[in-house]
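A.B. asks: here is the input, now give the coordinates:
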Amino acid sequence: MAGGWNRPGGMPDVDGPAGVWPSRQIVLPPADQAAGLARLATRDVLAAWQLAELADTAVLLVSELVTNSVRHARTSLALRLEVAGSSLRIEVHDLEPGRPRPRTPAGLEESGFGLVLVAALASRWGVYDTATGKAVWAELHLR
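C.D. replies: Here you go, the predicted model:
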């Protein structure tokens, strides 16, 4: 897989202390294949974590967040998956400081539905600034 799982910024890619879920991060190219790579990686990780019941919804969220980053930021990006408390957290980091602006697409528009879909599927979502850009995140409650 392009980029492969890694540990940039000191982010662990193995199990943490007892009782702590692992996190995974993959660096993706700012190219059309990024969303497909991210979807495959998400399914693999959730299967390994025995959270396959979240896979369909998580893959949709990952696809939207990665596609938005590729389309609007056009920079290197990273997908991070992590279980924190009772939620699966999905984060997409890129080097663009500009925050996404949710909008309501009108009529026959073919784009602009990404964040509408994220808001509908995620338990919570948001954006935070990083030292090098931003991270857009979404959470799903564990069942």
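
A.B. asks: strands of the chain, start to end?
C.D. replies: Using DSSP state E, the strands of the chain run over residues 23-28, 77-84, 87-94, 124-129, 134-141.

A.B. asks: got the buried residues for the second one?
C.D. replies: Spelled out, it's strand 77-84. Residues 77-83 are the ones in strand 77-84 that count as buried (16 or more other Cβ atoms under 10 Å). Any C-beta I mention is one placed from the backbone N, CA and C, and that applies to glycine too.

A.B. asks: contacts for it?
C.D. replies: Strand 77-84 has contacts (Cβ atoms under 8 Å, 6 or more residues apart in numbering) with 8, 11, 21-28, 30, 34, 38, 41-42, 45-46, 49, 51, 58, 62, 65-66, 69-70, 88-95, 135, 142.

A.B. asks: the same query, at a cut-off of 6 Å, please.
C.D. replies: 21, 23-28, 38, 45, 69, 89, 91-94 (Cβ atoms under 6 Å, 6 or more residues apart in numbering).

A.B. asks: all helices of this structure, in order?
C.D. replies: 34-48, 55-68, 114-121 (DSSP state H).
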